[in-house]
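> 3D model of this:
(one chain, ligands or ions: 1)
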Amino acid sequence: MKSKEDCPLCQALINESNKFLYEDDEIVILQTKTMKGHHKRVMLVSKGHSRFMFDENWYVHKFFRAWCQVYFDEEPTFVICESAFSTVKNHWHVIACDWYGTEKEIEQLHYTPHTTYETNIEWSPK
Ligand SMILES: [Zn+2]
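Okay, the predicted model is just below:
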């Protein structure tokens, strides 16, 4: 496990607070460092330097999905990618993006476990 000093996500939480789009006690949603051709590409990341219990935290998933349905509302659909295949293993984090993106990025998206969501569905926390 990398130390906090070497951790790109810990560093992003310290240095990129100007890119925060949402923040609470446990999570932050921020614009990703690299956009890879997307118009919108965001990451939800746990504040703590550990995977904690977020893997099974359905509530965070639901929250992120609902948040994205508003954030991506000018697009018909958006994508949420699983973090299991990411290079950063220390934090629980997921990435969401639109369907723009470079040719290489879109190809890569298809190989990454992901779910496509529609934005025009009313969501309620029931
Ligand atoms: Zn970290």
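
> just the strands in this protein please.
20-23, 27-31, 41-46, 77-81, 93-97, 114-118 (DSSP state E).

> can you put the ones you listed in JSON lines and add mean pLDDT, mean neighbour count and distance to the ion?
The C-beta positions use only the backbone N, C-alpha and C, and glycine is treated the same way. Formatted as JSON lines, those follow (pLDDT from 0 to 100; neighbours: other Cβ atoms under 10 Å; distance: least, Cβ to the ion, whole Å):
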{"stretch": "strand 20-23", "mean pLDDT": "96", "mean neighbour count": "14", "distance to the ion": "16"}
{"stretch": "strand 27-31", "mean pLDDT": "94", "mean neighbour count": "19", "distance to the ion": "12"}
{"stretch": "strand 41-46", "mean pLDDT": "91", "mean neighbour count": "23", "distance to the ion": "9"}
{"stretch": "strand 77-81", "mean pLDDT": "95", "mean neighbour count": "19", "distance to the ion": "19"}
{"stretch": "strand 93-97", "mean pLDDT": "91", "mean neighbour count": "23", "distance to the ion": "10"}
{"stretch": "strand 114-118", "mean pLDDT": "93", "mean neighbour count": "13", "distance to the ion": "23"}
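
> which of these sits closest to S3?
Taking Cβ to Cβ, strand 41-46 is the member of the strands of the chain nearest to S3, at 16.4 Å.

> and the angle for the helix ranked longest in the chain with strand 114-118?
Secondary structure of the chain per DSSP state H: the longest helix is helix 58-71. Interaxial angle, helix 58-71 versus strand 114-118 (axes from the mean of the first three to the mean of the last three Cα atoms, to 10 degrees): 50 degrees.

> relative to E103, how far out is the residue lying closest to V45 once chain neighbours are set aside?
Nearest residue to V45 in three dimensions, chain neighbours excluded: H93, at 4.1 Å (Cβ to Cβ, 6 or more residues apart in numbering). Distance of H93 to E103, given as Cβ to Cβ, to the nearest Å: 25 Å.

> with distance to L13 added, can I get the strands of the chain in TSV?
Listed next are these as TSV, based on distance: least, Cβ to Cβ, whole Å:
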stretch	distance to L13
strand 20-23	9
strand 27-31	6
strand 41-46	7
strand 77-81	20
strand 93-97	11
strand 114-118	24
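
> nothing else from me, thank you.
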